[in-house]
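Q: Fold the following, please.
(chains A and B)
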Amino acid sequence: MFEAEQDRIDSQIQAWLKEKELPILPLQWNSVPFSGHWGITTSFFQIASAEARQSGAKTNVPERAGVLAAQIAEHLGVPSGFEKVEAVKGYLNLYYSSAEYTRRVVDTVIDQGDQYGRGARKNVQVMVEFSHPNTHKAFHVGHLRSAFLGDVLARILDGAGYDVVRANYPGDIGLHVIKWLWNYMAFHAGEKPPVEGKTRWMGSLYAEANRRLEENPDLDTEMRAVYTRWDQQDPEIVALWNETRQWSLDGFNEMYDLLDIRFDKYYFPSMAVLPGKEIVDDLIRRGIAEDGRPENAVVVKIDEKLGLKNEKYRVMVILRSDSTALYATEDLALVQMKFNDYPKLEKSIYVVDVRQALYFQQLFKTLEIAGFPKAVNCLHIPYELVTLPGNVAMASREGTVVLLEDLVHEAVQRALEIVKAKNPDLSPSEQETIAKAVALGAIRYPMIARETTKLVSFDWEAALDFNGQAAPYIQYAYVRTGSILRKSEGPGPGSIIPGSELLPAEIELVNCISRLPRELQNAAAEYRPLSIAALAYDLARAFNDFYNQCPVLQAPEPVRQSRLRLVMAARQAIGNALNLLGIQAPQAM
RNA sequence: GCCCUCGUAGCGCAAUUGGAUAGAGCGUUUGCUUGCGGAGCAAAAGGUUGCAGAUUCGAAUUCUGCCGAGGGCACCA
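A: Residues are numbered from 1 along each chain as shown, chains lettered A, B, ... in the order given. Sure thing, here's the model as predicted:
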């Protein structure tokens, strides 16, 4: 937020280094890492080290860096806008004039409102494909991670200034769908899903189909015959497929509404079957793919094509030996459809679990070999799975799943009990709204507040714990800001410079508030929702600290007004951070 | 066999991308309510960052080798 000041000092230092004929290296600036202190810092180890290398003489680098830092500190004096400069152990620390800088941060946040933290439009279009649930199956807690990660990634990219297309790619055809159709026709013909719980019902029939096929493997050929009929567009099968597929999609839409997730564009594997097969034919014609039918599948021997000695991309199957399509067939076409639909698209991001990492490498590499130029603009963002305690994977087939609707229901009930106890005066519908916001936030937060490379282990106790480092803690801090402002009799006056006696808790809070724009750009560049989740928590913690140490309403003027302004800014910053995370900021709780 | 990821406090996780004293949470122990909301706050205890080397002024972070866990490798998605 204070790039101008930093740049000014940076060039002063560079000029000084040049004058002294010292090595010129870019300085790396960070914020002062001590809590309660606020400023920028850099170090001179690299310069001292480069100097030692040049001269060839033996030098004690830390010592020399300390000397440089001290000399530069003396040269700089105390630049305007700063209140203290110190050289410590090779570091140069410049502390902001807290009062002046606080005013600038607070004014900026209040002025920009819900735009605070957001980046300028970059006019760069990116697509985030995520969630991609399978129709005809249950929607369980394991599916939440892609849904939340993708949603938050889309929010972050949008906030950072990108034009985001949110895409979903529900698996509406494949062996799982055929199994379901086969079971339905044989044992449930004519049945309809219940109005409440469509997805649960679809899932239970899927599990049943698997049970039947496992108990009696002879049924397999009967089931696969249904696939052939679908593939040949048998009207009866296609009609049934369309109807039942819609049941699933309706159920998914209800869940997305509940989870506050929306999509701009839907793709389906089913619509990519024919274009996919054309691509396969083309690859065979051009000698890129090898056609082993009818005994063997159509494959691309990627390593061989690239002349690699070691196994890396291995062999990708792009069409079954019976000429029915698999996901690879469809994905080949899907990649191209995306770039045709959105000619300006500069990045196509796939948020899909890590088990498919090799598959995506194969897919993109095959397209590259085939000469599709946009293949290099495709990016797979892998994430680890959600497991049950004891590292048990959730499998729809085996019924070892926690259904989303069960989790949401239970979490809302627990939250509602607490809300009722704490807010007995609110109307039941208001209580319900708050309970939902708290429950959904609590479910969402742990899915995005950890490294994507790490497993999330789901257990009921942790998922329903509303205390500690969790979304409700952040929401609670937000509610407290509102509570103070409500009692303050109207908004504070315009910009005012706080008294110079800012407490550490105030400085830390302002520091956290000022981090939002930078963290957002960073999160977007690294595809890392965790940064924002962590900042939101830091903000809440800093505010709670402030809340306990700095009385607002009882403070004498002008401290009261400046603290009120700070509360307004904190509220805005927390609210904006929660918004980026897709977590609601309730008015009471 | 080959490839990918992970290993940090009893547990589940962070660490401003190679920087100063490795931080919060849960759990444990002890405190804080005529006070702006106690879903909160303060304090204590808890660490050889899996092990061994290497690079560097400086390593939880980079490289190599072990050990341990998970995942992926021809017609599932």
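
Q: Tell me if I'm right that A:Ser270 and A:Asp172 touch.
A: Yes: counting by Cβ atoms under 8 Å, A:Asp172 is a contact partner of A:Ser270 at 5.1 Å. Every residue, glycine included, has its C-beta placed from N, CA and C.

Q: Can you list the strands that the lengthiest strand in chain A pairs with?
A: Longest strand in chain A by number of residues (criterion: DSSP state E): strand A:345-353. Strand A:345-353 sits in its sheet next to strand A:125-129 (parallel), strand A:378-383 (parallel), going by DSSP bridges.

Q: Of these, which is nearest RNA strand B?
A: RNA strand B lies closest to strand A:378-383 among those, at 7.5 Å (Cβ to the nearest atom of the strand).

Q: Show me the residue of chain A that gets nearest to RNA strand B, please.
A: For chain A and RNA strand B, the shortest gap (Cβ to the nearest atom of the strand) falls at A:Gly468, measuring 2.5 Å.

Q: Would you mind listing what in the stretch 251-400 of chain A touches RNA strand B?
A: A:269, A:292, A:295-297, A:299, A:301, A:310-312, A:314-315, A:317, A:320-322, A:326-328, A:354-359, A:384, A:391, A:393 (Cβ under 7 Å from any atom of the strand).

Q: Select only the buried ones of the residues you listed in PyMOL?
A: The buried residues among these can be selected in PyMOL (16 or more other Cβ atoms under 10 Å) with this line:
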select buried, chain A and resi 269+297+299+317+320+326+327+328+384
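
Q: Show me the residues of the stretch 251-400 of chain A next to RNA strand B that map onto helices.
A: A:Tyr327, A:Ala328, A:Ala357, A:Leu358, A:Tyr359 (DSSP state H).

Q: Pull the contacting residues for the residue lying closest to the first one once chain neighbours are set aside.
A: Counting by Cβ to Cβ, 6 or more residues apart in numbering, A:Tyr327 lies nearest to A:Pro269, which is 6.3 Å off, once chain neighbours are set aside. Under the criterion of Cβ atoms under 8 Å, 6 or more residues apart in numbering, the contact partners of A:Pro269 comprise A:Tyr169, A:Gly171, A:Asp172, A:Ile173, A:Gly174, A:Ala325, A:Tyr327, A:Glu330, A:Asp331, A:Leu334.

Q: and the first one, what does it touch?
A: By Cβ under 8 Å, 6+ apart, the contact set of A:Tyr169 is A:Glu129, A:His132, A:Tyr266, A:Tyr267, A:Phe268, A:Pro269, A:Leu334.

Q: Quick check on it: phi, psi?
A: Dihedral pair for A:Tyr169: phi -140, psi 70, per degrees, to the nearest 10.

Q: So for it, what's the nearest residue that isn't a sequence neighbour?
A: Nearest residue to A:Tyr169, sequence neighbours excluded (Cβ to Cβ, 6+ apart): A:His132, at 4.3 Å.

Q: Check the last one too.
A: Once its chain neighbours are removed from consideration, A:Leu334 has its nearest residue in A:Ala272; the separation is 4.9 Å (Cβ to Cβ, 6+ apart).

Q: Same question for the fourth one.
A: Once its chain neighbours are removed from consideration, A:Ile173 has its nearest residue in A:Ser270; the separation is 4.4 Å (Cβ to Cβ, 6+ apart).

Q: What about A:Val106, how many residues nearby?
A: Neighbourhood size, A:Val106 [other Cβ atoms under 10 Å]: 26.

Q: show me what contacts it?
A: Taking Cβ under 8 Å, 6+ apart as the contact definition, A:Val106 lies against A:Ser495, A:Val510, A:Ile513, A:Arg565, A:Leu566, A:Met568, A:Ala569.

Q: farthest pair in those?
A: Comparing every pair within the contacts of A:Val106 by Cβ to Cβ identifies A:Ser495 and A:Ile513 as the most remote, at 15.5 Å.

Q: Compare neighbour counts for those two and give me the winner.
A: Shown here are A:Ser495 and A:Ile513; by other Cβ under 10 Å, A:Ile513 has more neighbours (28 against 13).

Q: So what does the more buried one look like in phi/psi?
A: Dihedral pair for A:Ile513: phi -60, psi -40, per degrees, to the nearest 10.

Q: and it, how far is that from A:Ala569?
A: Using Cβ to Cβ, to the nearest Å, A:Ile513 is found at 6 Å from A:Ala569.

Q: Mutual contacts of these two, please.
A: Counting by Cβ under 8 Å, 6+ apart, the residues touching both A:Ile513 and A:Ala569 are A:Val105, A:Val106, A:Val109.

Q: For those residues, give me TSV that also has pLDDT, secondary structure and distance to RNA strand B.
A: Below are these laid out as TSV (pLDDT from 0 to 100; DSSP: H, G, I helix; E, B strand; the rest coil; distance: Cβ to the nearest atom of the strand, whole Å):
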residue	pLDDT	secondary structure	distance to RNA strand B
A:Val105	94	helix	16
A:Val106	94	helix	17
A:Val109	96	helix	19
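
Q: Just the CA atoms of stretch A:232-241, as PDB, please.
A: This file holds the C-alpha atoms of stretch A:232-241, laid out as PDB (Å, rounded to 0.1, in the frame of the first residue of the first chain):
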ATOM      1  CA  GLN A 232     -25.900 -46.000 -30.800                       C
ATOM      2  CA  GLN A 233     -28.400 -43.400 -29.600                       C
ATOM      3  CA  ASP A 234     -31.200 -45.900 -29.000                       C
ATOM      4  CA  PRO A 235     -34.200 -43.600 -28.400                       C
ATOM      5  CA  GLU A 236     -35.500 -45.500 -25.400                       C
ATOM      6  CA  ILE A 237     -32.200 -45.400 -23.600                       C
ATOM      7  CA  VAL A 238     -31.400 -41.800 -24.600                       C
ATOM      8  CA  ALA A 239     -34.800 -40.600 -23.300                       C
ATOM      9  CA  LEU A 240     -34.400 -42.400 -20.000                       C
ATOM     10  CA  TRP A 241     -30.800 -41.100 -19.700                       C
END
